[in-house]
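Peer 1: Any chance you can model this:
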Amino acid sequence: MNSDSNNIWVNIKDWHPLTEIPPCYQDTCPENGATCDSYCAANKAGLPPVHHRLQGVGAVLMELLWDARVYRYSSASTRIRRLQISARAYEKAKREGYEKGLLIETSNGQTTYLILTEKAWEALNTPCPYTKRNLSIQHSFRVDLLQFLLSHDPCYQKVFIEYPLDQKGSTADVATLRRDGSKEGWEVTISTTNVISNLLKYEKTNFIKIVFVAPDYKLKEAVKATVLGAGLNSDLLARVEFRHFSQLLQQQRRLSLY
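Peer 2: Predicted coordinates for the structure are as follows:
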């Protein structure tokens, strides 16, 4: 094992192979075959004690947690292939993660994602990326996913999260700066509740396009019907588009192995 492995809990690096998970996270002790306790291999390796939330965690779940930490936007099928585990082992580890409060699940169309909870990020000694915004963790995950997808689109030179729109604190979930210098606003919506207010905040801006992105086709159509039936200014309506995540994912097929 190289020298970096001794610092795995101090300076976590995104490129760390999953094979370098400390041996105390295995189901049995590598020395005597007995079940590991919270300090077994960690103390001998000079590592900090295992976080109490990860004590007794199964080996497959531990690999799954690390994989979800490094590859946040992978689909379930991609994780199974990368970890080289069976679908049955994946489902068992996933259920264990739910029961321990370490994982939640969400979907965009037919694509299912695992999201680490705040407890899991803390246990992995990593700042949770979803606590900076006062939003649900699933909404925050989708905003981050949207930024990730758009940042790989060659049409844009810059992509921003929570881009300020005015002095009152209104922001775009995601804003894109095109190669020609024009700006687009992107709003992740998981219901029709706040669609109109989210659109009106762009009325006096110079954004050439406002795109509502829904998790699936059905909700996208509901959002579209809500906006078109609200009697809004025609100039504002001319700037609005409606998308769902599957359309964006299809455009970014080169990221399918992520």
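
Peer 1: Next one: residue 185 from residue 203, what distance?
Peer 2: For residue 185, the distance to residue 203 (C-beta to C-beta, to the nearest Å) stands at 11 Å. Every residue, glycine included, has its C-beta placed from N, CA and C.

Peer 1: what do you get for residue 172?
Peer 2: From residue 172 to residue 203 the distance is 13 Å (C-beta to C-beta).

Peer 1: again, but for residue 170
Peer 2: 11 Å.

Peer 1: again with residue 52
Peer 2: Residue 52 is 50 Å from residue 203, by C-beta to C-beta.

Peer 1: more crowded one of these two?
Peer 2: Neighbours were counted for residue 52 and for residue 203 using other C-beta atoms under 10 Å; residue 203 has more, 13 against 9.

Peer 1: my read: the more buried one touches residue 236, true?
Peer 2: Yes. Taking contacts as C-beta atoms under 8 Å, residue 203 lies within contact range of residue 236: 5.4 Å.

Peer 1: residue ranges of the helices in the protein, please?
Peer 2: For the chain, the helices defined by DSSP state H occupy 40-44, 59-70, 76-83, 87-99, 118-123, 137-151, 195-200, 217-228, 234-237, 245-251.

Peer 1: Of all the ones you listed, which one is nearest residue 109?
Peer 2: helix 245-251 (3.9 Å; C-beta to C-beta).

Peer 1: In that closest one, which residues are buried?
Peer 2: 245-246, 248-249 (16 or more other C-beta atoms under 10 Å).

Peer 1: among those, which two are most distant?
Peer 2: Based on C-beta to C-beta, the longest span within the buried residues of helix 245-251 runs between 246 and 248 and measures 7.4 Å.

Peer 1: mind showing which ranges of the protein have poor pLDDT?
Peer 2: 1-50, 131-134, 251-258 (pLDDT under 70).

Peer 1: And the chain, split by domain according to the record?
Peer 2: 3-123, 137-255 (automatic domain parsing).

Peer 1: now the shortest one, how far from the centre of its chain.
Peer 2: Between the centre of domain 137-255 and the centre of its host chain there is 17 Å, according to C-alpha atoms, centre = their mean, to the nearest Å.

Peer 1: And stretch 54-62, by the same measure?
Peer 2: Between the centre of stretch 54-62 and the centre of its host chain there is 21 Å, according to C-alpha atoms, centre = their mean.

Peer 1: Dump that stretch to CSV, keeping only the CA atoms.
Peer 2: As requested, the backbone C-alpha atoms of stretch 54-62 are provided in CSV (Å, rounded to 0.1, in the frame of the first residue of the first chain):
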residue,chain,number,x,y,z
LEU,A,54,-19.8,3.4,9.9
GLN,A,55,-19.2,0.8,12.6
GLY,A,56,-20.6,-2.5,11.5
VAL,A,57,-21.1,-1.4,7.9
GLY,A,58,-20.9,-4.2,5.4
ALA,A,59,-18.0,-4.3,2.9
VAL,A,60,-20.3,-3.8,-0.1
LEU,A,61,-22.1,-0.8,1.4
MET,A,62,-18.7,0.7,2.3
